[in-house]
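Enquirer: fold the following.
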Amino acid sequence: MLRVDVAIIGGGLVGASLALALQGEARKRGWRIALIEPFAPGDGYQPSYDARSTALSYGSRLIYEGLGLWPAIAEQATAIKRIHVSDRGRFAAARLSADQENVQALGYVVENAWLGHCLWQALDAEVIQWRCPAQVERMEPTAEGYRLTLDDETLIDCSLAILADGGRSSLREQLGITVNQRPYDQTALIANITPERAHGGEAFERFTESGPLALLPLSDNRCALVWTHPSRAVERLLKLDERAFLAELQQAFGYRLGALRQVGARVPYPLVLIEAAEQVRANLVVLGNAAHSLHPIAGQGFNLSLRDVRALADTLLASAAPLGDLTTLQHYAATQAGDQARTVAFSDQVTRLFSTDQPLLAAGRNLGLLGLELLPPAKRWFARQAMGMGTRGNPQ
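Expert: Numbers count the residues shown, from 1 in each chain. Okay, here's the model as predicted:
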């Protein structure tokens, strides 16, 4: 039997970020933290053309700066200097720039493998006990917290369990936590591509008849592609050879980056908005995609989860109550409720508006883009949403 103060179930980007956020004070307070993850992170970073990536908002940079991690992340982060938003077949477009917002960058694109590597390297083994590879098979509430049963039959008792095991969390279901689902009937096709021209740190959001399309700048003049389609259409795109696929993508995106010359492995992700009906119970917090899973086109999902991480860590460290105290956890949930509601609504409404081909809505969408370009206050509001700086009443 192993006894810890905090057990974080899921050692991915969200779980590892929380471990890092708690680490310094945990060392002073003598807290023992277990980080349980089924997939070993590996001993080092291995560059790959097909590496998946995450768009970090400027607000997320500030959080990682506070944790002392940003200098390491920045070594492999590609700055987003400009964002170009357009609607295929229509004249209006909106352009956002870091210079106009008086920031170094609107956001950054970082390969998940590098971000994970930086996080795992920063964790102190004397404070954070890695259980990897390991998987929690069962969670049972006890008088003092939760008892976890691992796949090797190890038992771990904890005062506070953090459920951060992803959007398809089987443990969430096991605990009877229901979810609200709003399907988009879309699948995101994820790939990396290489264009003819240098991207120059510019990100592109383009709305097409089939659904939104995003190209985000990566290192080595690659771009991360997120291309959404009705689910029934994605299988055909996956079967196309490279030349035929690039031809269709070129037709949808245009020639702002010249000819599209190379595409890597294409991976489909069915899209659905998922929100857990409960995010806290006594001795339990649901975090990350297990709490809310958003459409990727607006780039808000991980950034919202990172703000949750910061708020949860701040709440736990400011509380004099025992770990797992329900009132403390409810205070965290109340603190983040507004941020989550605004971010989910922003992401969902943008996605639905820019995925429709109804003529009246499409015309309104076109006028909306024109309005963003012509009205500085509206443009600034949209930019602050994209930077993760407009979700709180008093943004820093």
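
Enquirer: for stretch 256-268, what is the average pLDDT?
Expert: Stretch 256-268 shows a mean pLDDT of 95.

Enquirer: ok, and for it, which residues are buried?
Expert: Residues of stretch 256-268 classed as buried by neighbour count (16 or more other CB atoms under 10 Å): L257, L260, V263, G264, R266. Bear in mind the C-beta positions are built from the backbone N, C-alpha and C, glycine included.

Enquirer: need those residues in JSON lines (columns: distance to A290 and secondary structure).
Expert: JSON lines is the format used below for the buried residues of stretch 256-268 (distance: CB to CB, whole Å; DSSP: H, G, I helix; E, B strand; the rest coil):
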{"residue": "L257", "distance to A290": "36", "secondary structure": "coil"}
{"residue": "L260", "distance to A290": "36", "secondary structure": "strand"}
{"residue": "V263", "distance to A290": "32", "secondary structure": "strand"}
{"residue": "G264", "distance to A290": "29", "secondary structure": "coil"}
{"residue": "R266", "distance to A290": "27", "secondary structure": "coil"}
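
Enquirer: tabulate those in CSV, adding columns for distance to D50.
Expert: Putting the buried residues of stretch 256-268 into CSV (distance: CB to CB, whole Å) gives the following:
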residue, distance to D50
L257, 19
L260, 16
V263, 10
G264, 4
R266, 9
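
Enquirer: just the residues you listed now: which is nearest S219?
Expert: Nearest to S219 among those is G264, at 13.7 Å by CB to CB.

Enquirer: so the closest one sits against A191, correct?
Expert: Yes: proximity of G264 to A191 meets the contact threshold set by CB atoms under 8 Å, at 5.5 Å.

Enquirer: which neighbours do the two share?
Expert: Taking CB atoms under 8 Å, 6 or more residues apart in numbering as the criterion, G264 and A191 both touch D50.

Enquirer: in three-state terms, label V103 for me.
Expert: For V103, the assignment made with DSSP: H, G, I helix; E, B strand; the rest coil gives coil.

Enquirer: next one: it from E205, what distance?
Expert: Going from V103 to E205 by CB to CB, to the nearest Å gives 18 Å.

Enquirer: show me which of the two is the more surrounded one.
Expert: A direct count of neighbours by other CB atoms under 10 Å for V103 and E205 places E205 higher, at 24 against 17.

Enquirer: so that one lies in a strand, does it not?
Expert: Yes: applying three-state DSSP, one finds E205 inside a strand.

Enquirer: mind checking pLDDT for the spatially closest residue to it that is not a sequence neighbour?
Expert: Leaving aside its chain neighbours, E205 sits nearest to V85 (4.6 Å; criterion: CB to CB, 6 or more residues apart in numbering). Per-residue confidence (pLDDT) for V85: 82.

Enquirer: list the buried ones in stretch 55-73?
Expert: Using 16+ other CB under 10 Å as the test for burial, stretch 55-73 gives 55-61, 63-64, 67, 69-70, 72-73.

Enquirer: repeat that for stretch 114-121.
Expert: Of all the residues in stretch 114-121, those buried under the rule 16+ other CB under 10 Å are W114, L115, G116, H117, C118, L119, W120.

Enquirer: what's the offset of that stretch from the middle of its chain?
Expert: Put simply, stretch 114-121 sits 15 Å off its chain's centre (CA atoms, centre = their mean, to the nearest Å).

Enquirer: looking at the chain, which helix or strand is least sure?
Expert: helix 359-374 (a mean of 40; mean pLDDT, DSSP states H and E).

Enquirer: residue ranges with poor pLDDT in the chain?
Expert: 41-44, 88-93, 295-299, 349-396 (pLDDT under 70).

Enquirer: grab the nearest non-local neighbour of A224.
Expert: Spatially, and ignoring its direct neighbours in sequence, A224 is nearest to L216 (4.3 Å; CB to CB, 6+ apart).

Enquirer: next SSE downstream of the helix or strand where the one you found lies?
Expert: Here L216, judged by DSSP states H and E, is contained in strand 212-217. Proceeding N to C from strand 212-217, the next assigned helix or strand is strand 223-230, under DSSP H and E.

Enquirer: what pairs with that following strand, parallel or antiparallel?
Expert: Strand 223-230 pairs in its sheet with strand 179-195 (antiparallel), strand 212-217 (antiparallel), by DSSP bridges.

Enquirer: export those strands to a markdown table and tack on distance to P230 and mean neighbour count?
Expert: Shown next, in a markdown table, are the strands paired with strand 223-230 (distance: least, CB to CB, whole Å; neighbours: other CB atoms under 10 Å):
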| stretch | distance to P230 | mean neighbour count |
| --- | --- | --- |
| strand 179-195 | 6 | 18 |
| strand 212-217 | 12 | 24 |
